[in-house]
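**Student:** Predicted structure and sequence below. I'll ask about it afterward.
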Amino acid sequence: DGDVQSDFLAQGFGSLGLMTSVLVCPDGKTIEAGAAHGTVTRHYRVHQEGGETSTNSIASIFAWSRGLAHRAKLDNDARL
C-alpha cells in the first residue's frame, strides 16, 4: 500500500509532518492535495479548552501551493 510505504519513508527523511499527499484522477484535471498527517483536530480541541498548542503548518501550506500550481496549469496562467 502506497500510503503505508510513504509514511515509512517520511520517517526516514525527517518528519511525517513535512510530507504532503497528492491524488490525481485519471483525467489529469482533478486532484486532491493535502498534508499527509491529516488535520489538526486534536490541537484545535486543546485550543478550545484554553490549552497551549504547537502545530507545524508547513505541509498544509505546501499542499495549498500544489493545488494552486495545478490550477495555474489548467488555466495556462503562468502568473498564478
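**Tutor:** Sure thing, it's come through.
**Student:** CA only for contacts and neighbour counts going forward, please
**Tutor:** Noted.
**Student:** Provide the partner residues of the residue nearest to R66 when sequence neighbours are not counted in its beta bridges.
**Tutor:** Excluding the flanking residues, the one nearest R66 by C-alpha to C-alpha, 6 or more residues apart in numbering is A33, at 6.7 Å. Counting by DSSP bridges, A33 is bridged to V22.
**Student:** What is the burial count for A33?
**Tutor:** A count of neighbours around A33, defined by other C-alpha atoms under 10 Å, yields 19.
**Student:** Repeat that for E52.
**Tutor:** Burial measure for E52: 10 neighbouring residues, criterion other C-alpha under 10 Å.
**Student:** so the residue nearest to R66 makes contact with W64?
**Tutor:** Yes: checked against C-alpha atoms under 8 Å, the pair A33 and W64 is within contact range at 7.1 Å.
**Student:** Check the offset of the one helix or strand S6 maps to from the chain's centre.
**Tutor:** The secondary structure element spanning S6 is helix 2-12 (assigned by DSSP states H and E). Once both centres are worked out by C-alpha atoms, centre = their mean, to the nearest Å, helix 2-12 turns out to sit 14 Å from its chain's centre.
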